[in-house]
Structure formats: C-alpha cells, structure tokens
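>>> Following is a predicted model, sequence given first.
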Amino acid sequence: MALVQDDGSAKAARQRQALETPSWRGNLPPLFGPTKVPLAAPAVMLVIIALLMAVTTPNFFSAGNMRAISLDASLIMLLGIGMTAVITARGIDLSIGAILTLSSVAFAAALKDFGLPLWVAILVGFATGGLCGLVNGLLITRLRMPDFIVTLSTELVFRGLALVYAGGGVFFGFPEVITWLGRGRLLGIPMPLIIALTLIVVAHCIFAYHKIGARLHAVGGNPVAARRLGISVLNYRVGVYVFMGLIAALGGIILTGRLDAVVASGAVTILLNTVAAVIVGGTNLFGGRGSIIGTLLGAWLLATITNAVVMLGFEAFWQHVAAGAVILITIGLYSRSNSRSEE
Amino acid sequence: MSVVLRGISKSYGQVKAIEGIDLEVKAGEVVGLLGDNGAGKSTLMKVLAGAVTPDKGVIEVDGETCSFSSSLDARDAGIAMLYQDLALFDDMPVVHNIFLGREITNRFGFLKYGEMRKRAQEIVNSFSVRPFDVRTPSGHLSGGQRQVSALARTTAFGSRYIILDEPTSALSPSARDEVLSVVRELADKGIGIVMVSHDLGHVRKVCDRVAILHLGGMAGVRDMATTSQDEIISLIVQGHA
Ligand SMILES: Nc1ncnc2c1ncn2[C@@H]1O[C@H](COP(=O)(O)OP(=O)(O)OP(=O)(O)O)[C@@H](O)[C@H]1O
Ligand SMILES: [Mg+2]
C-alpha cells in the first residue's frame, strides 16, 4: 500500500540506481573528515600573503626564513591538534600554556634537581601533562562546571604551582637529545616540524577515518543524541582533555629543547595563537565540526603573518595587529560563504 | 512474534501517570496510540523503550520476559524509540548518522566507509521518499528525508519494534504523506510499530489497530477496519464508547 506515488517513479528509480552504484570515489570517505569545514578561506589567505611577500621581500622564501616560520608553526600546530579535539568535542582548554610550563618544570626538575635518568624525566613530564588534563576533564564532567571557567582557573593553579616550585629561576643545559628535538634537523628539515607533521597525519587519520573521530564529532555536535546511541560522552569529554595535556607536555619538551631553557613564566602567548589557528582553520568554536588539516593551515598562516610583519620591516608590535586582522578577514570570508550556502 | 505489555503502572509522586496497562504489538502491524494530553502515552512508550522503569508490570519480547534498565537494553532487545527531535547529527553525512555507535570498521577501528555508504544507501533507497545521497549532511535534508534517515538508523540497528512519538507533527503535508507511507513500508517488512499521534486522519491511513488511553488507563483497543471515528473520539474524550 503506497500512499504517495513517486513523482515520476521511473526517474526516482533511475536516481536510486545511480546512487547505489557510485564511482570509485564515492566509496572513499570524505577526504577532510565527516563534517564540512571551510578550508578554502585559510588556504586563500596563505596564498595571498605568500604572493605579497614574493613581490616585496624575495628573502622571505629563503631556506633560513622558512625554517624560522616552521619552528613557530610547528608548536602551534602541535598544540592545535589537541585543541581541535577539545573544541570539536564542545570544550575549550584555556590552561594549555600553564600545562606546558608545569610539565616542562616537572621534566626539568626531575632531570636537574632529582638527577633522574632522562627517560624517567620525560615520563614525569608527560605524566604531569596528562594529570593536569585529567584534573580539567574530571572537574568539568563530574562537577559539571563550564569548561571555560574550569580551565581559566586551572591555568592559574598550574601556572602558580610552576612558579611556586621554580620561582624566578631558570633551568638550562639540557641533554643533546632534547636540544636536537627542539632545534636539530633531519635532511635539512627542523625536527619540531617533522614531529608536528607526523602527528598531524596520524591525528587526521583518527579524526577523519576512525570511529573515534566520528564519535568525537558526534559528542560535540549533539551530546544528547550521542548518549542515546550508547556513546560514552563523559569518557570522550575527559579523554580530549587528557590528550590535550599530553600534547602540551610534548610541546613543553620540544620548546625546552629549542630554548635550552625552562622558566616558569614562559609560554603565555601560545594559548591565543593556538585557539586562533584552530578557529581560522575552520573548526567550529561551538563543537561538532572540526578539521586537523584546517588547523595545519591556520597554524601556518599565523606563523607566516608574524614573520612577514618583521620581514617587511615593521616593529614587532605590529604582529598582533596583523594577526588580529587576518583572523577577522579569514573568519569573515567563510561566514559570508556560509551564509550564502544556507540561502 | 510480538511484544506484550502486561499490567504496567507508573506513578510520579502522587500522580498515577499510567495504571494497569495491557497492550500487544505484533510484528508487521502498526498500532496507533491515542489519548488526550496527559493521558500517559509518552510515559507508556518510554517504559516500552526502556527510558522509564515501571513501578509494576512486565514486558515480554517474543515470549521472553525482559526488564530494561536503560534504552540501550531495550535497543538490544530490538526495541527502538524515535524521539520527536529525531536526534540527528546535522553536520554529519547521513551515512555517519545511520551507523554512529555501531560503525562497520576493520579490526583497528577504521571505518569501512565504502561498505557503510553502500548499506546506508540501500536502506534509504528502500523507502519511497524522494531519493537522496547518503553522503549529504543530514541538516541539508527535507523533513521527510530526515525522518527517513532516523528510521534508517533504527533499521540498521536491527530493531524489530519501533516506537514513533508524533512522527508527523512538524512536517509539511507532502512530507507527512511520505513519512506515513514509510511507516507502512516498515510494517510490511515485518516490523512492529507503535505510533503516538493526535491526528486521527493519519492514524486511519496507516494503522491496523488503535489503542486509546484515558487518564492513565486503557480505554480500549479497536481494529481499524471495524471501528468508527465517533467511537474513537468518545473513547478519547470520555474513556468509554
Ligand atoms: N517526569 C515526570 N515527572 C512528573 N510527572 C510526570 C512526568 N512525566 C509525565 N508526568 C505526568 O504523567 C502524566 C502523563 O504524562 P504523559 O507525558 O505520558 O502524557 P501524554 O499522553 O504523552 O501527553 P501529551 O499528549 O501532552 O504528550 C501527566 O499527568 C504528566 O504530568
Ligand atoms: Mg507526549
């Protein structure tokens, strides 16, 4: 008993037939992940800036300058991976600068003050980062406090703990392996970039092609529906903060190697750069939609702008103005294209 | 093959939401559940879907007595409830929507996208709504197609009994007809369906039987073929014919 006749049932049948036999590409998962993210905006901005620099400052493309950009970009990228996961799951972590610092201090203290072997010290660093993330995740899920407020507070707590232990002191003179991770090269490519890009690839595969990635999007997109489907929303919400903590610890070790120093008052601008890169990369601040590739583009864009301002001979203070302007333009670009597609 | 509710009661504090309800839904039939506002329809359906634990009474699925402590238990027994908000993930493609929570993966957990897409498209194509590509984000679909996506999810999960709480309330007339015919098609495939509705016209179109609740009690169950509109209305309003 069919209540409605298909309008042109032959036509509908043909359409169904076509949909059931897609081209080989139809069987591949969406390349950039299950949700549509406006990657064109940051990509276009990058090209524009590159062209601008090619015309005005050919020196911009020297190997040395590219390496300088990549060092900044890789730290933002790395932290951006964690932040993309957190934001896609409908959270935000404002404490990453403090986690990075506290886990660096813990790593340095284990090595220098307690004379522990290097691998144990590295473990201590990661354990600290992971624990900080766990604290964030548990406070948010168990005590049902807003992500924003919890991580704003723990930023102060974690930062304070680092300062209490290290005071104004500086740890320096780290083993060669660590400085090699921070400033060494492999085949001319800076190590931080190699590490960051490797993690980008792995993270993208999980994010876009693995069931964990799909469920992460679901948890951020519609938590109530995700719970009804038997997905453990709580585990995912805690998990992304622990992951973020571990990533921040890795960032801390790489930064320690790059500077060959740890200070408890460092890494204060990294939060804004990371969140900006993630948002410029098209990840939705309200969860459910995200892209690791977007974050890669966003990180590269922000590092490029900062560098370009200096290369063009402006005072470094202009960096902030330029970065802010580019963020606004990029977001503006795709909110316009968005509103057009929603008509 | 049927699911049977026997003597189901549920109170909220002093309020007896439902009392001593018996109801049977057989495989392959559509039962309409009618009743005034507050009669207890949603409560009864939530009991059947495992979302509410009854104070008294038993549920038998295909002859086996079950007790559900969550909607996941009910789902494992083959009973699924489609909520009015549909609970879709609007940013994600229909294929993800259909398989979320029960993804087809290789042994490392990576999605077998081609296989999921194929199965999803086949399920969706088996309904007579306007054809659509399961790679479309569900937020871009029409109301009827969204309803079909949500129904496709419950069929993909292997549900044999489906509860629909007012599935047609927020739809345009043509989408309504699409959804009603989809409901009928599902029943013809052997799925037992309970449909809560306030619209007698819709109930007449697809239901084999109607059950009418009145003030938390069962006012009557009638065969659609032998009852009349007047009889149904007086059961709804007065609780007796
Ligand atoms: N969670 C609850 N807490 C307290 N009382 C409740 C709860 N859920 C339902 N009730 C009460 O139980 C009775 C039956 O409600 P129910 O939602 O099942 O009615 P309904 O038939 O679905 O009504 P409607 O047609 O308006 O959806 C009502 O008196 C209602 O106020
Ligand atoms: Mg109701």
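Sure thing, it's come through. Since the structure is predicted, the reported quantities are computational estimates derived from the model, not experimental observations. Ligands and ions are numbered 1, 2, ... in the order given.

>>> Only C-alpha atoms from now on, for both contacts and neighbour counts.
Will do.

>>> can you confirm residue B:75 is in a helix?
Yes: Residue B:75 sits within a helix when classified using DSSP: H, G, I helix; E, B strand; the rest coil.

>>> Now do the SS call for the most centrally placed residue in chain B.
With distances taken as Cα atoms, centre = their mean, the residue of chain B nearest its centroid is residue B:163 (1.8 Å). Secondary structure, three-state DSSP: residue B:163 is strand.

>>> Residue A:305: neighbouring residues, count only.
Using other Cα atoms under 10 Å in any protein chain shown, residue A:305 has 21 neighbouring residues.

>>> That one and residue B:37: what is the separation?
With distances taken as Cα to Cα, to the nearest Å, residue A:305 is found 61 Å from residue B:37.

>>> Equivalent analysis for residue A:88, please.
In terms of Cα to Cα, residue A:88 sits 39 Å off from residue B:37.

>>> Tell me which of those two has more neighbours.
Neighbours per residue (other Cα under 10 Å) separate residue A:88 from residue B:37, with residue A:88 holding more: 26 against 11.

>>> Tell me the confidence at residue 2?
Since you didn't name a chain, this refers to chain A. With respect to pLDDT, residue A:2 has a value of 47.

>>> Chain B is the one I meant
pLDDT, residue B:2: 92.

>>> swap in the one 3 residues further on?
With respect to pLDDT, residue B:5 has a value of 94.

>>> and it, backbone torsions?
With angles defined as degrees, to the nearest 10, residue B:5 sits at phi -100, psi 130.

>>> and if you look at residue B:56?
According to degrees, to the nearest 10, residue B:56 has phi -140, psi 160.

>>> Could I get the full set of strands for chain B?
Ranges of strands in chain B, per DSSP state E, are B:2-12, B:15-26, B:30-35, B:56-61, B:64-66, B:79-82, B:161-165, B:192-196, B:209-214, B:217-223.

>>> Parallel or antiparallel, which strands does the fifth one pair with?
Applying DSSP bridges to the sheet, strand B:64-66 is found paired with strand B:56-61 (antiparallel).

>>> Check the longest one too.
Pairing partners of strand B:15-26, with direction, according to DSSP bridges: strand B:2-12 (antiparallel).

>>> Please identify the buried residues of the strand it pairs with?
Neighbour counts over strand B:2-12 (16 or more other Cα atoms under 10 Å in any protein chain shown) mark B:2-10 as buried.

>>> now the strands for chain A?
A:170-172, A:185-186, A:189-190, A:261-263.

>>> Pipe those into TSV and attach mean neighbour count, mean pLDDT and distance to chain B per row.
What follows is the strands of chain A, written out as TSV (neighbours: other Cα atoms under 10 Å in any protein chain shown; pLDDT from 0 to 100; distance: least, Cα to the nearest Cα, whole Å):
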stretch	mean neighbour count	mean pLDDT	distance to chain B
strand A:170-172	16	92	42
strand A:185-186	12	94	31
strand A:189-190	18	94	31
strand A:261-263	22	93	39
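
>>> just so I know, which of those lies nearest ligand 1?
strand A:261-263 (54.8 Å; Cα to the nearest ligand atom).

>>> what helices or strands is that closest one leaning on?
If contacts are counted by 3 or more Cα pairs under 8 Å, 6 or more residues apart in numbering or on different chains; DSSP states H and E, strand A:261-263 sits against helix A:96-112, strand A:170-172.

>>> As CSV, those with distance to residue A:120 would be great.
Output for these, formatted as CSV (distance: least, Cα to Cα, whole Å):
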stretch, distance to residue A:120
helix A:96-112, 8
strand A:170-172, 17
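
>>> Please work out how many residues are found near the residue in the stretch 201-343 of chain A positioned nearest to chain B.
Per Cα to the nearest Cα, residue A:210 is where the stretch 201-343 of chain A lies closest to chain B, at 4.1 Å. Other residues within reach of residue A:210, judged by other Cα under 10 Å, total 23.
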